[in-house]
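Visitor: Model the structure of this input:
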Amino acid sequence: MLFYSPNDSKEEKIVIATPDGEGNWEIRTLVKLPFVHRFDILSSGEENYLIACTLKSGHEYKDDWSHPGKVYAAKLPSDLADFDDSHQLELTVLKDGMLKNHGYYKVTEDGKVSSLVCSENGVFRFFPPETEEGEWREEQLLDIPASDAVMADLDGDKEMELVVLSPFHGDEVSIYKKTEEGYDKVYQYPEKAEFLHAVWSGKLAGKTVVVLGHRKGARRLFALLWTDGHYSFKTIDDDCGPANAYGYTYEGRDRLITTNREINQIAMYLFGEGDLG
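Guide: Presented below is the predicted three-dimensional model:
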């Protein structure tokens, strides 16, 4: 799938790309979905489900947000060979009225997957059916405007915190802890991080971290983590303007890949034990 700006995505679609064994790819349409900005496949029970989020549902002019986006879902058949432009996957609307429907993140907890979705309406969590006859389940975690969010157990208490970037392409990073009443803010990154965009959670240098990056101002790449009994941050790089980040381990080294959009760079950062304090 190709991603376009919010103003150039009326013709977007999700496609099936199949290698032919000779270095070429067969491209077929799974579903035409204007303004789709995030999608994923969730496995639950014996089934696979597509979840797809659209930034908006239409527009009349540049930067027109008067047509809110939606969250769609479909159960995927085991064989996708029959789908093309004339026979597309049928989608069901899970939620509509999602203004600036931007953020998406897959959460794995207790061996089960769910989806965090962020918009001006708040932060929502969608759970796929657990049985063939089951239904999707939705929870609203926060009612504040949000651009992106992730969940990670930063403090090691076996309960995942919620890390939120707000508002849309905004400049505030906050950590929330779950309580009996909902989620309470327990930390805010002390600087204004203009145009927040990159976000990833996982393990780096032996620590559970949330990596974030912003595209204006200091254009910093940094990590949120738990150090000496409190939340803290560690700057990884300055003046790089990350749009996306992804971490993994290879040959015993933790690695972080970022697309540093504002300096036209794809970068790899290597981490060893203790590098994040």
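Visitor: Please name the residues that touch K70.
Guide: By C-beta atoms under 8 Å, 6 or more residues apart in numbering, the contact list for K70 reads 53-54, 57, 93-98, 101. C-beta here means a position set from N, CA and C on the backbone, and glycine is covered the same way.
Visitor: is it true that it lies in a strand?
Guide: Yes - assessed by DSSP: H, G, I helix; E, B strand; the rest coil, K70 belongs to a strand.
Visitor: Secondary structure element for the closest residue to A223 other than its chain neighbours, which one?
Guide: Computed as C-beta to C-beta, 6 or more residues apart in numbering, the closest residue to A223 that is not its neighbour in sequence is V209, at 4.3 Å. Assessed by DSSP states H and E, V209 sits inside strand 207-214.
Visitor: Tell me which strands that strand pairs with, and in which orientation.
Guide: strand 196-204 (antiparallel), strand 221-227 (antiparallel) (DSSP bridges).
Visitor: Let me have these in TSV, extended by distance to E139.
Guide: Listed next are these as TSV, based on distance: least, C-beta to C-beta, whole Å:
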stretch	distance to E139
strand 196-204	19
strand 221-227	23
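Visitor: Kindly export the strand holding V209 (C-alpha atoms) in PDB.
Guide: Extracted C-alpha coordinates of strand 207-214, given in PDB (Å, rounded to 0.1, in the frame of the first residue of the first chain):
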ATOM      1  CA  LYS A 207      15.100  -1.500  29.200                       C
ATOM      2  CA  THR A 208      11.500  -1.200  28.200                       C
ATOM      3  CA  VAL A 209      11.200   2.100  26.400                       C
ATOM      4  CA  VAL A 210       8.900   4.200  24.300                       C
ATOM      5  CA  VAL A 211      10.800   5.900  21.500                       C
ATOM      6  CA  LEU A 212       9.500   9.100  20.100                       C
ATOM      7  CA  GLY A 213      10.500  11.700  17.500                       C
ATOM      8  CA  HIS A 214       9.200  15.100  16.300                       C
END
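Visitor: Pick out the lowest-pLDDT one from the contacts of K70.
Guide: In terms of pLDDT, S57 ranks lowest among those, with 93.
Visitor: OK, contacts around it?
Guide: By C-beta under 8 Å, 6+ apart, the contact list for S57 reads 34-35, 67-70, 96.
Visitor: Ok, A267 next?
Guide: Per C-beta under 8 Å, 6+ apart, neighbours of A267: 237, 240, 257-258, 260.
Visitor: Restricted to strands, list those.
Guide: 237, 257-258, 260 (DSSP state E).
Visitor: what's the closest of the residues you listed to L30?
Guide: The closest of these to L30 turns out to be I257 (C-beta to C-beta; 26.6 Å).
Visitor: could you check the distance from L42 over to E12?
Guide: 21 Å (C-beta to C-beta, to the nearest Å).
Visitor: how about the contacts of K70, which pair is most distant?
Guide: S57 and L94 (14.1 Å).
Visitor: who's the closest residue to F35 other than its chain neighbours bridged to?
Guide: Excluding the flanking residues, the one nearest F35 by C-beta to C-beta, 6+ apart is T54, at 4.4 Å. In this entry, T54 is beta-bridged to V36, by DSSP bridges.
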